[in-house]
Each structure stands twice: as structure tokens, then as C-alpha cells.
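Asks: just coords:
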């Protein structure tokens, strides 16, 4: 009986531990929200376009747009943070500034003089991402997370496409 007790205890412990251990199938089907978002963001492949004589020009225009708009957005965010810290930020003012920022993105994107199909494709992705953000701001509903992911997906796709294009063009130079 003395040797049976440790063996039974060991077997029971093994059964309990195996019951708590998740199988690979269970792990594969379990996805947290972070993984779902990452999967959705990586779902769209890079689109291939033929090289043109205007590639480097359009790449430069899009990179300049990104840099200029990032600076404007950072300035707006800093203003909002400062006002929040001072206690002078109202929800209405913040909403207004965010709407202004989106409108600035639209205006700047419309002004881009792009000559290539790939440049216009990236411009369209960026425009769509800002439309999704504008819609999210207006609706501010339970669907906002889904729309935010969609807008972010288009933005990330535009950035990946631009980086891919830039790398391709640099290799040819």
C-alpha cells in the first residue's frame, strides 16, 4: 500500500496537469483581440505595379506628404495634451481639432500631383483610411473599433506599399 499511494498520487497529478494543459488545437483557435488586429493588418498583400519614369518623383511626393502631415498631427496632439494638462480642454474643442486634422489630410491628399498608378493607389489607401477615421469620429459607436482597424489597415497598407516601392526603386538606381 505504501508504494501504491505515491504511484496513485503521481498518476492523479499527471491527469490533473494534462487536463489543464491546452492542446495545440486549442491554442491555435484561441486568438486574443491583439492577434486578430495584427492578422487583419497583415492580410492585404503588397500590390505589384510596373516601374515608370515618374516613380522616384511620386515616392518623394508621398514621403514629403507623410513627413509634413506627421508634423502637423504631432503639433495638434501636443496642443491637445497641453490643454488637457492645463484643464482647459473641452470635448468639443478636441473633436473640432480632430475633425480639422482629418480635413487637412483630405485637402493635402487631394493636392498631391501624382503621375503613377502606384502613387494614386497609395493616395487612395491613405484617403480611405482618413475616411474611416472621419466616420468613426462622427458615429463614435460600438462599431468604432472595427472601423478603426479598417482605417488602420488601409493606412498600414499604404505605408507598406510605399516602403516596398521605395525599396524597389532604390535597387534599380
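Replies: That came through fine. As the structure is a prediction and not an experimental result, all values here were calculated from the model.
Asks: mind checking how far residue 135 is from residue 128?
Replies: Going from residue 135 to residue 128 by CB to CB, to the nearest Å gives 10 Å. No exception for glycine: its C-beta is placed from N, CA and C like everyone else's.
Asks: go on, residue 66?
Replies: Per CB to CB, residue 66 is found 16 Å from residue 128.
Asks: Repeat that for residue 95.
Replies: To residue 128, residue 95 is 22 Å away according to CB to CB.
Asks: When the two are compared, which one has more neighbours?
Replies: A count of neighbours by other CB atoms under 10 Å puts residue 128 above the other of residue 95 and residue 128, at 17 against 13.
Asks: tell me the SS of the more buried one?
Replies: Classification of residue 128 by DSSP: H, G, I helix; E, B strand; the rest coil places it in helix.
Asks: hang on, isn't it packed against residue 154?
Replies: Yes. With contact defined as CB atoms under 8 Å, residue 128 reaches residue 154; the gap is 4.6 Å.
Asks: Point out where the protein drops to low pLDDT.
Replies: 1-43, 141-151, 173 (pLDDT under 70).
Asks: and after the lengthiest helix in it, which helix or strand comes next?
Replies: For the chain, the longest helix by residue count, based on DSSP state H, is helix 55-86. Per DSSP states H and E, helix 55-86 leads on to helix 91-111 as the next helix or strand towards the C-terminus.
Asks: Where does residue 162 sit, in terms of helix or strand?
Replies: helix 144-172.
Asks: Specify the angle between that helix and helix 55-86 in degrees.
Replies: Using axes from the mean of the first three to the mean of the last three CA atoms, to 10 degrees, one finds that helix 144-172 and helix 55-86 are set 140 degrees apart in direction.
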